[in-house]
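1. Predicted model and sequence follow; I will ask about them next.
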Amino acid sequence: MKWSRMLLTLVLVFNSTACVLLKTDERIDVVVAATDIGAGTRITDKDITIIGMPVSRLTRDMPRKSSQVVGYTTKVPIPKGELILLSKVK
């Protein structure tokens, strides 16, 4: 009985600490299409905009700076407002 209470207490403390450390409301910059960008189009500064996104949704495929996509060519069409993923440019 004592072990189960201790284990439950440790789990609750761990979860509480993790929630505080993760700061789920923190946002980070990501690059999105400011206009519809056709496949095979070389991306310019006018084609993109930077928006804030929750850190919890960030993946390695999401560029955080315009320099990571400007000058690159799209592999597929990217509609206005869609994230420009590194896998969609070359």
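-> Everything's here; your move.
2. pLDDT wise, what is the residue nearest in space to the middle of the chain at?
-> For the chain, the residue nearest the mean C-alpha position is residue 58 (2.6 Å; C-alpha atoms, centre = their mean). We have a pLDDT of 88 for residue 58.
3. if I look at residue 68, how far off is residue 84?
-> 9 Å (C-beta to C-beta, to the nearest Å). The C-beta positions use only the backbone N, C-alpha and C, and glycine is treated the same way.
4. before we move on, what about residue 60?
-> Distance from residue 60 to residue 84, by C-beta to C-beta: 14 Å.
5. And residue 71, by the same measure?
-> Distance from residue 71 to residue 84, by C-beta to C-beta: 13 Å.
6. Need the overlap of contacts for these two.
-> residue 43 (C-beta atoms under 8 Å, 6 or more residues apart in numbering).
7. When residue 68 and residue 84 are compared, which one has more neighbours?
-> residue 84 (26 against 15; other C-beta atoms under 10 Å).
8. which residues sit in contact with the more buried one?
-> 31, 32, 33, 37, 43, 48, 63, 69, 78.
9. residue boundaries of the helices in the protein?
-> For the chain, the helices defined by DSSP state H cover 2-22.
10. quick one on the thing from earlier: list the contacts for the residue nearest to the centre of the chain?
-> Under the criterion of C-beta under 8 Å, 6+ apart, the neighbours of residue 58 are 28, 30.
11. wait, doesn't residue 33 sit right on residue 81?
-> Yes - using C-beta atoms under 8 Å, residue 33 makes contact with residue 81 at a distance of 6.4 Å.
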